[in-house]
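Q: Fold the following for me, if possible:
(one chain, ligands or ions: 2)
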Amino acid sequence: VIGFFQPRLLAGRRIVMTAGPTFEAIDPVRGITNSSSGKMAYGLARACAQAGAEVILVSGPVALSVPEGCRRVNVKSALEMREAVFAALPGADVFIGVAAVADYRPATSAEHKIKKSGAELTITLTPNPDILADVAGLPNPPFCVGFAAESRNLDEYAEGKRKAKKLPLIVGNLVQDGLGGDDNEVVLFDAAGRHPLPKAPKPEVARAIVAHLAALLPKI
Ligand code: CTP
Ligand code: CA
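A: Ligands and ions are numbered 1, 2, ... in the order given. I've put the predicted structure just below:
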């Protein structure tokens with residue numbers, strides 16, 4: 001429980017956040033997805049709401065309930081997620097991309113269930129838009145935060161993504177540190193450098209990310 005005297009670090013801020021995996025349809029009953037649970041995003045959304053922010057959670061399919069104080073917009077595919085994000089953006093101070101957006105989708109989705117034929121089947125994939133890079137590239141972008149889950153070379157890859165997508169802040173973690181468990185160990189990268197956070201229970205890590213983010217926002 002956060003102490004009664006904890007300052008409402010994000011009071012008056014409007015935050016749009018993506019969460020969960022995306023689901024890219026192959027046909028009406030099949031698709032490509034990934035194993036993102038949405039726990040990191042939902043935990044961070046909860047921490048943002050507890051800090052006083054208005055939070056819109058644009059979420060792919062997950063088995064989690066909406067954290068108190070957050071509004072959820074349900075989407076499936078990356079294209080739907082991008083649409084919903086841009087619809088929610090007007091008036092937003094902060095955009096946080098936490099979703100594990102599929103990098104590719106089937107080039108075409110069959111209208112009817114594909115029947116097996118016994119022969120090899122090739123599915124052509126086409127790249128999805130990068131939602132975070134598109135938001136950060138807007139003329140007057142909100143304060144954009146990215147996530148980078150890497151299996152190696154964390155500093156190089158996370159900082160590389162921060163620069164490539166023009167983000168003021170990215171949260172990096174090594175997947176073997178965060179996956180599944182109750183604790184998480186992350187490193188924040190911003191214009192001032194790298195800031196490792198101590199390994200801690202996920203809700204505590206979420207609050208530390210909120211505190212760092214709040215300190216970087218333009219004053220209101
Ligand atoms: N992201 C996004 N839209 C995409 C792909 C990624 O908004 N189509 C966002 C993620 O939500 C995350 C950040 O970009 O905040 C980094 O995602 P990640 O998958 O780690 O990086 P990619 O740029 O897709 O590079 P790669 O998968 O090749 O490592
Ligand atoms: Ca990716």
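Q: The residue nearest to Ser35 when sequence neighbours are not counted: what's it in contact with?
A: Of all residues not flanking Ser35 in the chain, Pro21 sits nearest, at 7.2 Å (CB to CB, 6 or more residues apart in numbering). Backbone N, C-alpha and C define where each C-beta goes, glycine included. Pro21 makes contacts with Thr33, Asn34, Ser35, Ser36, Gly38, Gly60, Pro61, Val62, Ala99, Ala100, Ala102, as judged by CB atoms under 8 Å, 6 or more residues apart in numbering.
Q: could those residues go into CSV alongside distance to Leu169?
A: CSV is the format used below for the contacts of Pro21 (distance: CB to CB, whole Å):
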residue, distance to Leu169
Thr33, 27
Asn34, 24
Ser35, 25
Ser36, 20
Gly38, 21
Gly60, 22
Pro61, 27
Val62, 24
Ala99, 17
Ala100, 19
Ala102, 24
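Q: Can you pull the residues of the chain lying near ligand 1?
A: 18, 78, 97-99, 101, 103, 128, 130-132, 146-149, 161 (CB under 6 Å from any ligand atom).
Q: hang on, His195 in a helix?
A: No. Counting by DSSP: H, G, I helix; E, B strand; the rest coil, His195 is not found in a helix; it is strand.
Q: how about the closest residue to it other than its chain neighbours, what does it touch?
A: Closest residue to His195 apart from its sequence neighbours, by CB to CB, 6+ apart: Leu188 at 4.3 Å. When the contact criterion is CB under 8 Å, 6+ apart, the partners of Leu188 are Leu169, Ile170, Val171, Gly172, Arg194, His195, Pro196, Leu197, Ile209, His212.
Q: again, 10 Å this time
A: 145, 158, 162, 169-172, 194-197, 208-209, 212-213, 216 (CB atoms under 10 Å, 6 or more residues apart in numbering).
Q: In the sheet, which strands lie alongside the host helix or strand of it, parallel or antiparallel?
A: Element membership for Leu188 (DSSP states H and E) is strand 187-190. Using DSSP bridges, the strands paired with strand 187-190 are strand 169-174 (antiparallel), strand 193-196 (antiparallel).
Q: and these, which is most packed in?
A: Most buried of the strands paired with strand 187-190, by mean neighbour count (mean count of other CB atoms under 10 Å): strand 169-174, with a mean of 22.
Q: show me the contacts for the most centrally placed residue in the chain.
A: For the chain, the residue nearest the mean C-alpha position is Val98 (1.1 Å; CA atoms, centre = their mean). Contact analysis of Val98 by CB under 10 Å, 6+ apart lists 17-20, 36, 38, 40-45, 57-59, 132, 145-147, 149, 171.
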